[in-house]
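Enquirer: test case, fold it:
(one chain, ligands or ions: 1)
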Amino acid sequence: MTGVKIVGVGHYAPERIVDNQELETWFDTSDEWITSRTGMKRRHWTSENEATSDLALGAARMALAHARLEPKDIDAYVVATVYPDYLFPATACIVASRLGAVDKAAFDIEIGCSGFIYGLTVTSALVRSGVYKRVMLIGAETLSKLVDREDRGTAVLFGDGAGAVILEAAEQDSFLASELGSDGSNPSILLVKAGGSRRPLDERALDERADRIHMEGREVFKFAVTKMISATDAALAKAGIAKSDVNVLIPHQANKRIIDAAMKYLDIPPERCMVNIQEYGNTSAASIPIALSEAVNAGRVKPGDVIVFVGFGAGLSWGAVVWKWA
Ligand code: ACO
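Expert: Next comes the predicted model:
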């Protein structure tokens, strides 16, 4: 068994910014409601002809430049997303080819907003076990195309973007522990009903919003706070690290109130928590790697720092990874 470290980070968001004031012109909402309930001010939305692989490509290129590597130097490409370009092929295959990486392993991970946490666990295992020397993990989403834009309850929450990391084999191990979990007993809490094999043969049986995000917000809120706390506690216990020794916590950016409630219970001071929800909204599997890339570029992460990545999402699913920055 070898170790693993992150040698490159990158992020990308589409040009178009939709702020709360613009949403006020669409339906009955207000900047005050959105800001106080979610912490969001702006989000980036793709244009008509942009898809998930376009955003993934932007983040991947930045991570390659940061690591001073070429696409051919990466052995495997993994994309975590809930909204791929197509039902198949995997978006990772499209991204690898568009980068000019020939004959490389490529696959997608679909586990809602927990995608980056699950992806980091899986790709770290691929490197630590010696299967691959370098793996690129990208979280990329275009949820603006998956929300019902007339539903103020969900349309204000989601944004588009991508974040990428490059993992490389190393002598010192950055991966300290992971805690993953799921509960699929009530999928309707966070669900896109149409598009899969449960679709009725007679499509008229589906309601017209079946291909849009359905979310029971209050249920998700309660679950999210509980699982962010328990997953962080469990991963830190596995790593043998005290909460007071966490330098940076990078949570999934779903709602500032969820983050604040979890931080309060975990007794982690707000200045150690990375929050950029005001700029991006909820970008699902992309939110943690975007926040990491911004934190690294802002000098908020230093060698030797203990980082906790923690997320939750559709499934329901949740997880946390404890990482020592090299
Ligand atoms: N503007 C104004 N009013 C609104 C809006 C809006 N954009 N959206 C909802 N409201 C109204 C509701 O209609 C409701 O009105 P009513 O009382 O007359 O019925 C009122 O505001 C309160 O609605 P609640 O749903 O109770 O508001 P709450 O305080 O719970 O906030 C929110 C809603 C922000 C969605 C919150 O529940 C939340 O953040 N939940 C978690 C969401 C989340 O984390 N999602 C992750 C998805 S992860 C993935 O895998 C995709």
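Enquirer: quick check: pLDDT value at the residue lying closest to G195 once chain neighbours are set aside.
Expert: Nearest-residue entry for G195: D211, 5.9 Å, with adjacent residues in sequence omitted and distances by C-beta to C-beta, 6 or more residues apart in numbering. Backbone N, C-alpha and C define where each C-beta goes, glycine included. The per-residue pLDDT reported for D211 equals 91.
Enquirer: name the SS class of D211, please.
Expert: Look at D211: counting by DSSP: H, G, I helix; E, B strand; the rest coil, its state is coil.
Enquirer: now G315
Expert: coil.
Enquirer: wait, what's in contact with it?
Expert: By C-beta atoms under 8 Å, 6 or more residues apart in numbering, G315 lies in contact with 111-112, 114, 182-184, 187, 190.
Enquirer: need the residues of this protein near the ligand, please.
Expert: By C-beta under 6 Å from any ligand atom, the residues of the chain that approach the ligand are 29, 33-34, 37-38, 112-113, 152-153, 156, 190, 215, 217-218, 220-221, 224, 254-255, 258, 282, 284, 313-314.
Enquirer: hey, where'd the strands end up in the stretch 151-300 of the chain?
Expert: 160-170, 175-182, 190-191, 214-215, 248-251 (DSSP state E, counting those that start in this stretch).
Enquirer: any chance of these in a markdown table, plus mean pLDDT and mean neighbour count?
Expert: A markdown table is the format used below for those (pLDDT from 0 to 100; neighbours: other C-beta atoms under 10 Å):
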| stretch | mean pLDDT | mean neighbour count |
| --- | --- | --- |
| strand 160-170 | 98 | 27 |
| strand 175-182 | 98 | 19 |
| strand 190-191 | 96 | 19 |
| strand 214-215 | 94 | 19 |
| strand 248-251 | 98 | 25 |
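Enquirer: same list (those) but as a markdown table, adding distance to V321.
Expert: As requested, these are exported to a markdown table (distance: least, C-beta to C-beta, whole Å):
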| stretch | distance to V321 |
| --- | --- |
| strand 160-170 | 11 |
| strand 175-182 | 5 |
| strand 190-191 | 22 |
| strand 214-215 | 25 |
| strand 248-251 | 10 |
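Enquirer: what's the closest of those to A237?
Expert: A237 lies closest, by C-beta to C-beta, to one member of these: strand 175-182, at 8.2 Å.
Enquirer: now for that closest one, which elements pack on it?
Expert: If contacts are counted by 3 or more C-beta pairs under 8 Å, 6 or more residues apart in numbering; DSSP states H and E, strand 175-182 sits against helix 115-128, helix 217-239, strand 317-324.
Enquirer: let's have these in CSV, adding mean pLDDT.
Expert: As requested, the helices and strands packed on strand 175-182 are arranged in CSV below (pLDDT from 0 to 100):
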stretch, mean pLDDT
helix 115-128, 98
helix 217-239, 96
strand 317-324, 98
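Enquirer: return the most buried member of those.
Expert: Highest mean neighbour count among the helices and strands packed on strand 175-182 (mean count of other C-beta atoms under 10 Å): strand 317-324, with a mean of 26.
Enquirer: and that one, what does it pack onto?
Expert: Partner elements for strand 317-324 (3+ C-beta pairs under 8 Å, 6+ apart): helix 115-128, strand 175-182, helix 217-239, strand 306-313.
Enquirer: what ranges in this structure fall below the confidence cut-off?
Expert: Applying pLDDT under 70 to the chain flags no residue at all.
Enquirer: now for the contacts of G315, which pair is the farthest apart?
Expert: S114 and P187 (14.4 Å).
Enquirer: the two: which has the busier surroundings?
Expert: S114 (31 against 15; other C-beta atoms under 10 Å).
Enquirer: report the contact partners of the more buried one.
Expert: 180, 252, 285, 311-313, 315, 317-319.
Enquirer: out of everything not next to it in sequence, what's closest to it?
Expert: Using C-beta to C-beta, 6+ apart and skipping residues adjacent in sequence, the residue nearest S114 is S317, 4.2 Å away.
Enquirer: list the contacts of the one you found.
Expert: Per C-beta under 8 Å, 6+ apart, neighbours of S317: 111-112, 114, 118, 180-183.
Enquirer: so how far is S188 from the residue of the chain positioned farthest from its centre?
Expert: Of all residues in the chain, D202 has its C-alpha farthest from the mean position, at 34.3 Å, by C-alpha atoms, centre = their mean. Distance, D202 to S188, by C-beta to C-beta, to the nearest Å: 21 Å.
Enquirer: one more: G39?
Expert: Taking C-beta to C-beta, one finds G39 at 26 Å from S188.
Enquirer: now do E70
Expert: 45 Å.
Enquirer: try W323
Expert: From W323 to S188 the distance is 34 Å (C-beta to C-beta).
Enquirer: same check on I241?
Expert: 37 Å.
Enquirer: which one's more surrounded, those two?
Expert: Neighbour count, other C-beta under 10 Å: between I241 and S188, I241 has more, with 17 against 10.
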